[in-house]
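*Asks:* Please find the sequence and the predicted model below.
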Amino acid sequence: MGSELLLTLIGGVALLLWGVRNVRSGMTRAFGAQLRATLAAASKSRVTAVGAGAGVTMLLQSATATGLLLASLAGRGLVTLPVALAVMLGADVGTTLVAQLFSFNVRWLWVLPFAIGVALFNRFKSDLGKGGGRLLMGIGLILLGLNVLADVSQVLKHSPTLVIVFSALESEPLLAVLVATIVTWLAHSSLAIVLFVMSLAAGGAISGPLAVALVLGANLGAALAPYIATMGANVAARRVAFGNLVMRAAAVAIALPFVRYFSGIVGTLSANPARLALNFHTLFNVALALCAFPFLDLVARLARKVLPEPEAAADPSLPTDLDPDALDTPSEALACAMRETLRLGGLVLKMLKGSQTAIESNDSKLVKEIEKSDNAVDALHEAIKLYLIRASKADLNEAESRRYVEILTFTTNLEHIGDIIDKNLMELAAKKIKHRYAFSTEGAEELKGFHGHVIDNMKLALNVFATRDIALARRLLADKTYVRQAEMKAADSHFARLRQGRQQSIETSSIHLDVIRDLKRINSHLTSVAYPILEAAGELRESRLKAEEQEHKTVEAQPEMNVRMASPGGGTG
């Protein structure tokens, strides 16, 4: 086989794969949220679930994509396991119907959907317009790829090298199944592989039994891809992929010894060699759906037994809402990132509450727990950041780009707050514990009130982030003035106690002022979530924004100056 022919073959397969990917991404871009909602709504019974699986797969043109989408729904508890398995049976039937549609001799029309798709993609900026354009371009690329492969397959049957390879695979059906399984897993598209097999069979490059064996491998690979992709997901999502893999592996194992028999039977349905692969693909999946449907509960029990619920408490540093299957739909991916950020905010809020108790009660055990929590915050922040970077590789519209920046900025601020609590407040708590210091009664009450107010502001900031409510954002930003005044009032009261020579105030002077400083820094990070919301609403003047940023930069220097002014001889307490 010459290098030119090999490159043409690779190019044809690449066009198929890229076309299927464009159809899938275009459909999820334009209708991703609706597809998920439709799939969840239709999955109320097993019968409708089969139909929903077939319908969604015909739109996505990928049973693998449907499997990944369904795994995410199951992971959130929106679909029960037996119903999810019924959806997968329908999805496998759906992909066969798509393959049948592409078998009709309309490949010469490839330029029409491609040209219309390019025009739509360049003309419109909306998700619907760009997604529809990408979808049509994908259909055009699939048809073009089939054109290329149809020409190549006529030449391949005369290649001595491939004749030897195909003869070896035909004599070893198990090897043929394994090869097709691996290739389908790598391609993440059983449709593309089945269409490729169809092209080879149509050109006479492969025999009927080999085509049947390769189709079996493509079906097994279609179940293997979601199983491997969900290995890091929660147990509910993994059970769906595992159950689907079990059903398809069992069906392939049963059919494998009879590839020649099936080739002869299916071959009688049509004289067209291309139809052999497609008809077997359809009959195999319809038979699997009919035979496996009564045993869905049994498969579900097996999946629960093999993949039981984890007994240990969940690691807080591991993300729970960053669904990798939502990355093709930016709005869904940003929603996942927002939920995970709120979870991160909950961890930081718990640290902030704990820091108040640790400082007040000299609780050394709590200090260590908060230090461990900061490690979880750092890991979760990194996971959210990397997820957002992956999500940003898709075409984000203007609103999505703004939300992307807001989420990334807020997660960074939350991580900074965690560091302030761990590196600053807990060091102050450890110092207070080590020297057995105690605040004066008045000083303790001032810190308790200041700390509690910042905790309330953190709850408000999380609500502002989740709702983007303008009134709440306005309230949060306006509270900066109150915090600034409260800081000045607390400092004045502390200086008055120092002038009175109160021993407890003298000993804890630097700790007292540093705690106030760090809490004010935390509050500054929290109020930053209000800026983009108010700016988008036209309620934030540019000059004021710059003033707020300047204040944020200088806030650390002020308490240090106060310490030197207030502490006798510049003492540390």
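*Replies:* Received it, and whenever you're ready, just let me know what you need.

*Asks:* Can you report how many residues lie near residue 537?
*Replies:* 12 (other C-beta atoms under 10 Å). From N, CA and C alone the C-beta is placed, and that goes for glycine too.

*Asks:* right, I mislabeled it, should have said residue 335
*Replies:* Residue 335 has 17 nearby residues by other C-beta under 10 Å.

*Asks:* How about it, nearest residue that isn't a chain neighbour?
*Replies:* Closest residue in space to residue 335, ignoring its immediate chain neighbours: residue 326 at 7.6 Å, by C-beta to C-beta, 6 or more residues apart in numbering.

*Asks:* Mean confidence (pLDDT) on whichever strand or helix holds residue 276, please.
*Replies:* Secondary-structure assignment from DSSP states H and E places residue 276 in helix 273-292. Across helix 273-292, pLDDT averages out at 90.

*Asks:* so who does residue 228 touch?
*Replies:* Shown in contact with residue 228 (C-beta atoms under 8 Å, 6 or more residues apart in numbering): residue 185.

*Asks:* do you know how far it is from residue 258?
*Replies:* Residue 228 is 28 Å from residue 258, where distance means C-beta to C-beta, to the nearest Å.

*Asks:* can you check residue 142 too?
*Replies:* For residue 142 relative to residue 258 (C-beta to C-beta), the value is 31 Å.

*Asks:* Between the two, point out the one with more neighbours.
*Replies:* Per other C-beta under 10 Å, whichever of residue 142 and residue 258 has more neighbours is residue 142, with 28 against 14.

*Asks:* I'd say that one and residue 16 touch.
*Replies:* Yes. Between residue 142 and residue 16 there is a contact under C-beta atoms under 8 Å: 6.0 Å.

*Asks:* Next, show the common contact partners of the two.
*Replies:* Common neighbours of residue 142 and residue 16 (C-beta under 8 Å, 6+ apart) are residue 195.

*Asks:* circling back to that earlier point, need the per-residue pLDDT for the residue nearest to residue 335.
*Replies:* For residue 326, pLDDT reads 74.

*Asks:* tell me the mean pLDDT over whichever strand or helix holds residue 197?
*Replies:* Following DSSP H and E, the helix or strand that holds residue 197 is helix 190-202. Computed over helix 190-202, the mean pLDDT rounds to 83.

*Asks:* For residue 96, list the residues it contacts.
*Replies:* Counted by C-beta under 8 Å, 6+ apart, residue 96 has contacts 278, 281, 282, 285, 286.

*Asks:* let's see it at 10 Å
*Replies:* By C-beta atoms under 10 Å, 6 or more residues apart in numbering, residue 96 lies in contact with 54, 57-58, 63, 190-191, 194, 215, 219, 278-286.

*Asks:* Could I have the buried ones of these as PyMOL selection syntax?
*Replies:* The buried subset of those, as determined by 16 or more other C-beta atoms under 10 Å, is captured in PyMOL by this line:
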select buried, resi 54+57+58+63+190+191+194+215+219+278+279+280+281+282+284+285
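
*Asks:* Same question for the host helix or strand of residue 91: list its buried residues.
*Replies:* Using DSSP H and E, residue 91 sits within helix 81-103. Residues of helix 81-103 classed as buried by neighbour count (16+ other C-beta under 10 Å): 81-96, 98-99, 102-103.

*Asks:* Return the angle between stretch directions for that helix and helix 190-202.
*Replies:* Angle, helix 81-103 to helix 190-202, by axes from the mean of the first three to the mean of the last three C-alpha atoms, to 10 degrees: 40 degrees.

*Asks:* Buried residues in the next helix or strand along the chain from helix 81-103, which are they?
*Replies:* Per DSSP H and E, the first helix or strand lying C-terminal to helix 81-103 is helix 111-123. Using 16+ other C-beta under 10 Å as the test for burial, helix 111-123 gives 113, 114, 116, 117, 120, 121.

*Asks:* can I get these in JSON lines with pLDDT?
*Replies:* Converted to JSON lines, the buried residues of helix 111-123 look like this (pLDDT from 0 to 100):
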{"residue": "113", "pLDDT": "84"}
{"residue": "114", "pLDDT": "87"}
{"residue": "116", "pLDDT": "90"}
{"residue": "117", "pLDDT": "87"}
{"residue": "120", "pLDDT": "87"}
{"residue": "121", "pLDDT": "86"}
